[in-house]
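**Q** Predicted coordinates and the sequence they were generated for:
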Amino acid sequence: SLTSAEPDVLYTAIMDGVTETLDGYSRYEPPKRAVESRARREGYAGIGVTIRNEETATIIQDVIPNAPAANAGLQKDDAITHLEGVPLASIPREDRAEQLRGRVGTIVTLGISRKDTAPFSVQIKRAEVILATVYFETDKDLPRFRVTGFNRTTADDLAKAIAKAEKRPGGLPGIVLDLRSNPGGYLTQAVEIADLFLNEGVVVSTRGRHPSSSISYEARGGRLAEGKPMVLLLNGRSASASELLAAALIDAGRAAAVGTVSYGKGSIQNLENLVNGGELIVTWSRMHAPSGYLLDGLGVRPTICTANAAANAQPAAVLRKATQPGIATDWRAYKAPNKTMAESLRASCPKSDESPDLDIEIARTLIYNRRAYQTALSPASPARHSAQSPFQWRRAG
């Protein structure tokens with residue numbers, strides 16, 4: 001009965017009833033899930049690890065650089081067996097992350113099991129931890145910036161990572177921005193990243209039923225890595241804010257993109273914190289790319305499509321079959337929701353959730369071959385392609 005039901009059960013039942021008739025992205029997050037969502041967006045007070053819970057231990061999957069756990073010497077694959085002397089087997093799995101967290105400055109004692117090492121204990125002082133979303137990696141001679149989400153420091157972290165990489169011997173030949181499997185996050189952070197690279201123009205427009213939901217975000221004159229080639233990597237799990245960023249850079253002719261069509265989640269949600277600690281998330285508007293096309297339901301099509309390419313395909317062979325001007329033009333004509341039309345357009349470069357090495361090899365070709373890069377920038381602009389173009393651009397039948 002209602003009188004005997006737990007409050008969280010009632011909240012969930014009521015809020016699920018409110019949101020179930022709305023779009024697929026409006027939803028209610030109960031308190032425990034909301035805590036995790038806030039931690040990803042804003043950070044949290046804790047030791048700075050990501051974990052996988054098993055029956056008798058919690059396995060450290062990643063140690064955040066410069067966070068308390070890293071400074072205490074904890075390592076990936078360490079098993080946390082005890083928390084304040086209590087075996088983790090006696091603590092419900094869903095409660096362990098919360099107990100690792102606490103107020104900034106408080107100390108937690110952990111029992112650790114490490115391969116080829118005797119079990120030991122370590123005391124760690126909790127601090128504010130912001131999850132890393134920017135990773136600098138190198139594939140042979142190709143520098144790559146992998147962005148896994150958009151939290152409150154992503155734009156600053158990317159700018160710092162690029163500035164640091166530019167000081168390496170030889171500097172940066174170009175920017176490879178890997179947005180594959182990036183589910184999104186803060187819209188404003190994606191706008192700020194676009195603004196790092198764009199001198200002017202619209203970054204994204206939002207449109208909804210309420211007048212205040214219609215906003216146009218303009219670039220303010222960023223000049224980061226100016227004059228250097230830029231390549232984006234996309235796949236079928238690149239969604240939301242990552243699609244916004246990709247569309248802005250592609251439409252401006254600032255970046256070429258390699259991979260498959262993105263997820264197609266082009267809507268914006270407003271978030272309301274509830275008194276029980278949960279969150280109500282309601283769709284507020286839809287995103288339109290600078291060239292006007294609707295992102296929601298369609299997504300972003302890369303300028304160089306690697307869908308269905310063989311794992312051992314050569315970059316040059318894929319480039320010769322790359323996106324044609326007509327397809328890009330049709331894509332940009334998508335102005336309003338139309339499921340049949342969207343499915344037809346998306347079929348020209350079917351989405352894949354994989355992150356193949358072929359994408360990186362094509363990015364390498366574009367970064368180091370300026371002529372190939374200029375050809376790949378914007379197939380929708382015929383003026384970019386002369387009779388001397390190294391690739392043949394054809395419209396798919």
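**A** Okay, I see it.

**Q** Now stretch 146-157: buried residues?
**A** Neighbour counts over stretch 146-157 (16 or more other CB atoms under 10 Å) mark 146, 147, 148, 149, 150, 151, 152, 153, 154, 155, 157 as buried. All C-beta spots, glycine's among them, are computed from the backbone N, C-alpha and C.

**Q** The last one belongs to a helix?
**A** Yes - counting by DSSP: H, G, I helix; E, B strand; the rest coil, residue 157 is found in a helix.

**Q** was I right about it contacting residue 133?
**A** Yes - look at residue 157 against residue 133 with CB atoms under 8 Å: they come within range, at 6.6 Å.

**Q** about what we covered before: so which of the buried residues of stretch 146-157 sit within strands?
**A** 146, 147 (DSSP state E).

**Q** And what about residue 292, helix, strand or coil?
**A** Judged by three-state DSSP, the three-state class of residue 292 is coil.

**Q** Look at it and report its pLDDT.
**A** Note for residue 292: predicted pLDDT of 94.

**Q** Over to residue 60?
**A** Looking at residue 60, its pLDDT stands at 97.

**Q** so it touches residue 53, yeah?
**A** No - with contact defined as CB under 8 Å, residue 60 does not reach residue 53; the gap is 11.1 Å.

**Q** ok, the buried residues of stretch 146-157 vs residue 183, which is closest?
**A** Nearest to residue 183, judged by CB to CB, of those is residue 149 at 6.4 Å.

**Q** So what does that closest one have for phi and psi?
**A** The phi and psi values for residue 149, taken as degrees, to the nearest 10, are phi 180, psi -180.

**Q** how near is it to residue 7?
**A** As judged by CB to CB, to the nearest Å, residue 149 and residue 7 stand 31 Å apart.

**Q** Which residue ranges of the stretch 101-250 of the chain form strands?
**A** Using DSSP state E, counting those that start in this stretch, the strands of the stretch 101-250 of the chain run over 107-114, 117-125, 127-129, 134-139, 142-147, 175-178, 202-207, 215-218, 230-234.

**Q** Contacts for the last one, please.
**A** Yep, that's strand 230-234 we're talking about. Outside strand 230-234, the residues that touch it by CB atoms under 8 Å, 6 or more residues apart in numbering are 174-180, 197, 242, 246, 249-250, 254-262, 300, 302, 355, 359-360, 363, 366-367, 373.

**Q** Are we agreed that residue 367 is in a helix?
**A** Yes - counting by three-state DSSP, residue 367 falls inside a helix.

**Q** Tell me the pLDDT of it.
**A** Per-residue pLDDT puts residue 367 at 96.

**Q** residue contacts, the closest residue to it other than its chain neighbours?
**A** Of all residues not flanking residue 367 in the chain, residue 174 sits nearest, at 4.0 Å (CB to CB, 6 or more residues apart in numbering). Residue 174 makes contact with 225, 228, 229, 230, 231, 366, 367, 368, according to CB under 8 Å, 6+ apart.

**Q** And residue 220, by the same measure?
**A** Applying CB under 8 Å, 6+ apart to residue 220 gives the contacts residue 195.

**Q** for it, phi and psi?
**A** According to degrees, to the nearest 10, the main-chain angles of residue 220 amount to phi -110, psi 10.

**Q** where along the chain do the helices fall?
**A** Per DSSP state H, the chain carries helices over the ranges 7-19, 31-42, 68-71, 93-100, 154-166, 187-197, 241-251, 315-320, 325-332, 339-346, 357-368, 370-377.

**Q** from the ones you listed, which stretch is densest packed?
**A** Highest mean neighbour count among these (mean count of other CB atoms under 10 Å): helix 241-251, with a mean of 28.

**Q** What is that one packed up against?
**A** Here helix 241-251 touches helix 187-197, strand 202-207, strand 230-234, strand 256-259, going by 3 or more CB pairs under 8 Å, 6 or more residues apart in numbering; DSSP states H and E.

**Q** least trustworthy helix or strand in the chain by mean pLDDT?
**A** helix 7-19 (a mean of 73; mean pLDDT, DSSP states H and E).

**Q** Now do the same contact list for residue 148.
**A** If you count contacts by CB under 8 Å, 6+ apart, residue 148 has them with 132, 133, 134, 135, 181, 182.

**Q** Mind doing that once more with 6 Å?
**A** Contacts for residue 148 (CB atoms under 6 Å, 6 or more residues apart in numbering) come out as 133, 182.

**Q** Now do it against residue 137, distance only.
**A** Separation of residue 148 from residue 137 (CB to CB) stands at 12 Å.

**Q** Then residue 16?
**A** 41 Å.

**Q** Low-confidence regions, this structure specifically.
**A** Counting by pLDDT under 70, the chain shows low-confidence ranges at 1-5, 11, 323-325, 378-397.

**Q** is it true that residue 114 touches residue 77?
**A** No - using CB atoms under 6 Å as the test, residue 114 is too far from residue 77 to be in contact (7.9 Å).

**Q** These two: which is more packed in?
**A** Legend: neighbour count by other CB atoms under 10 Å for residue 114 and residue 77, higher for residue 114 (15 against 12).

**Q** Compute the distance between the more buried one and residue 66, please.
**A** Distance from residue 114 to residue 66, by CB to CB: 21 Å.

**Q** Next: residue 301.
**A** Counting by CB to CB - residue 301 and residue 66 are separated by 38 Å.

**Q** Please apply the same query to residue 88.
**A** Residue 88 is 26 Å from residue 66, where distance means CB to CB.

**Q** which residues does the spatially most central residue of the chain contact?
**A** Centroid-nearest residue in the chain: residue 182, 2.4 Å away (criterion: CA atoms, centre = their mean). Applying CB under 6 Å, 6+ apart, we find residue 182 in contact with 147, 148, 238, 242.
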